[in-house]
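S.K.: Quick check, what structure comes out for this input:
(2 chains)
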Amino acid sequence: MKPFSHLMKAISEGKFVYTGELEPHRSLDLSEVESWARTLKEAGILAANVTDNPRSDSAISSLVASYLIQRNTGLETIYQLRTADRNRLALLSDVLGAAALGLKNILALTGDHTRTGTTPSSKPVFDLDSTGLIALIHRMVHEGKDLDGNEIKGPRPEINVGGAANPNMDPLEIEVLKLERKAEAGAEFFQTQVVFDVEVARRFLREIEHLKVPTLIGIFPPRSYGQAEFFDKYVPGVRVPRPFMEAFARFKEIGDKQKRSEKINEYNVEYFSSFIREVKREKACAGIHIMAVGYPEVIRPLMESVK
Amino acid sequence: MIITKEKPLQEILGFLKPYKKVLVVGCDGCVQPPRSLRESERMASLIELARSSSGQPIQISATTVSRQCCAEGLQNQLNVEGYEALLSMACGVGVQVLNSVFPSIPTFPAQNTVFLGYEVKREGEMFENCRACGECMLGETGGICPVTRCAKGLMNGPCGGCVEGKCEVPAEIRNWKGEVVQTLKNDCAWYLIYQRLKELNRLDLFRKLRLPKNWGIAGYPRRM
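M.R.: Numbering: from 1, shown residues only, chains lettered A, B, ... in the order given. Down below sits the predicted model:
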């Protein structure tokens, strides 16, 4: 592995890293995500993912947004690229474009099926899957070629490629075998789906230790009972531990809005700092991917409490 | 087998509106549910009834051939003399072959050709399981085709949309108006592949990294 990005350099120096997530919308206006990016940067987040048509809801080009956010805020971006909407020619074009613009991280994703999103009438692509995209980027970066052997003229792109992982997959063996494929294809880091249960995270990290791929565990401190319930009920495979749901059910009953937020923030900081301390001990764990974008009140105290 | 679904009668009547003498041509080949002589006669009488009740009578007969997809035999099997149009009960291949073998009159489709598939029991529900992609990988996937049965056609599945062995993409059953009448959950093909290969003690095949498929082979229209 050759670290090109600040993120991968920090990981290779043995630092425990934090990444965040930014979601540009179907709009030209990036001012809101840029302001979140600044907040994340101030909190000490090292890099942030910029989503690509999340949930198959079309949005501004993640390539352009990744570039503008990085340029305008100074926060390094992790350009998310999904294969649902682009064939291998377009993917190569965008990877070269990203490298030319100075982007250094790509998270290779398959993406949700277009039928599940806001434009179900579209023709889905899926020419490659996420593993195939990892293989393509790896070959571009390390061999200067595409998957058909066509050469890239001049300098090779300097990009670190990562993949997504799901510690909640049942049986976990399926996920481990999938990640073995991604590692073989050239994945240099993994970022995981949201995990609430520290046991789930620990078991997962031990099962993939042999891959020697630095892994960032995804967390999402919820701001309300509704958010926690959403993860518990509607996000595929995510289990929220009973005591956590019970605590949030109690907070829901607090009438005073400010008091309720204080209680929730306090609980999140306590719960997730203990979660982070636990997973940090695992060899495969290189950091934490915090997906709670609009929640700076918790991100900074959480990171500080773990130092 | 090739699975077809009968077109709405109104659409067929629309095709045949300018014509007064029509031959319905069935197919004894692989099209399913059967679209042979009996079904062709039924179609002919439906059309006849509709046309006479709307005051535009039609002379319509029915016949069948062994396979509409073989051009060679069709000249001998079918006598189209005197007919102004043909209505094919076969798949989209048959419709095109009849049009090319009998170019002086038009052949219209009575069916929507849906997919290559199978049925669990006779005249039961039909399932798509082959897309004729030209590069069969069933030998590596426990005899379960991910190109067809995974909604994303993944080479390295399952994806994060697999929950409890089911696919996130709903299987929608539509009526002839195109309205969704039932929403089901399909099995995740890669979950089935995992289970099958585990049973066979061949998870080494599941673990194999598969580079993207060569879609150049499946580029259409194809020739052999």
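S.K.: Quick check: which ranges of the chain have low pLDDT?
M.R.: Just going to use chain A. Within chain A, the set of residues satisfying pLDDT under 70 comprises A:293.
S.K.: meant chain B actually
M.R.: Residues of chain B that meet the criterion pLDDT under 70 lie in B:176.
S.K.: Residue ranges of each domain in it, please.
M.R.: Using automatic domain parsing, the domain ranges for chain B come out as B:2-114, B:132-207.
S.K.: show me the residues around the spatially most central residue of chain A that make contact.
M.R.: With distances taken as CA atoms, centre = their mean, chain A has A:Gln191 as the residue nearest its mean C-alpha position (5.0 Å). Applying CB atoms under 8 Å, 6 or more residues apart in numbering or on different chains, we find A:Gln191 in contact with A:19, A:49, A:78, A:107, A:162-165, A:215-216, A:218, A:289. C-betas here are computed from N, CA, C, even on glycine.
S.K.: which of those residues are close to chain B?
M.R.: When those are filtered against chain B using CB under 8 Å from any CB of the partner chain, the residues retained are A:Ala164.
S.K.: Tell me the residues of chain A that contact chain B?
M.R.: Applying CB under 8 Å from any CB, one finds that chain A approaches chain B through A:84, A:88, A:110, A:112-113, A:115-116, A:124, A:126-132, A:135-136, A:147, A:164, A:166, A:169-170, A:173-174, A:177-178, A:180-182, A:184-185, A:193, A:236-237.
S.K.: Now intersect the residues you listed with the strands, please.
M.R.: When those are checked against strands (DSSP state E), the matches are A:164, A:193.
S.K.: Now do A:Gln258: how many residues are near it, please.
M.R.: 8 (other CB atoms under 10 Å in any protein chain shown).
S.K.: which element is it on?
M.R.: Of the helices and strands defined by DSSP states H and E, A:Gln258 is found in helix A:257-280.
S.K.: and the next helix or strand after that helix, which strands flank it?
M.R.: Heading C-terminal from helix A:257-280, the first helix or strand you meet, by DSSP H and E, is strand A:285-290. Under the criterion DSSP bridges, strand A:285-290 sits next to strand A:17-22 (parallel), strand A:215-219 (parallel) in its sheet.
S.K.: List, one by one, the residues from chain B near chain A.
M.R.: Residues of chain B lying near chain A by CB under 8 Å from any CB: B:151-164, B:168-170, B:190-191, B:194, B:203, B:206-212, B:215.
S.K.: Need the buried ones from the residues you listed selected in PyMOL.
M.R.: Provided next is the PyMOL selection string for whichever of the residues of chain B next to chain A are buried by 16 or more other CB atoms under 10 Å in any protein chain shown:
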select buried, chain B and resi 151+152+153+154+155+156+157+158+159+160+161+162+163+168+169+170+190+191+194+206+209+210+212
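S.K.: Could you count how many residues lie near the nearest residue to B:Leu200 once chain neighbours are set aside?
M.R.: Counting by CB to CB, 6 or more residues apart in numbering or on different chains, the nearest residue to B:Leu200 once its immediate chain neighbours are dropped is B:Gly142, at 6.4 Å. Counted by other CB under 10 Å, the residues lying close to B:Gly142 total 18.
S.K.: Check A:Met140 too.
M.R.: Number of residues near A:Met140 (other CB under 10 Å) recorded here: 22.
S.K.: if we can go back for a sec, what about the residues of chain B next to chain A, which are in helices?
M.R.: Counting by DSSP state H, the members of those that fall within helices are B:190-191, B:194, B:203, B:206-207.
S.K.: which one of these is nearest A:Ser12?
M.R.: Proximity of these to A:Ser12 (CB to CB) peaks at B:Arg207, which lies at 27.3 Å.
S.K.: Next, give me the two most distant ones among the ones in helices among the residues of chain B next to chain A.
M.R.: Between all members of these, the farthest pair (by CB to CB) comes out as B:Tyr191 and B:Arg207, at 15.2 Å.
S.K.: I'd assumed B:Cys91 was in contact with B:Ile2.
M.R.: Yes - in this structure, B:Ile2 is within contact of B:Cys91 by CB atoms under 8 Å, at 4.4 Å.
S.K.: Identify the contacts common to those two.
M.R.: Overlap between the contact sets of B:Ile2 and B:Cys91, as judged by CB under 8 Å, 6+ apart, is given by B:31, B:113.
S.K.: neighbour-wise, which of the two wins?
M.R.: Neighbour tally, B:Ile2 and B:Cys91, criterion other CB under 10 Å: the higher count belongs to B:Cys91, 27 against 21.
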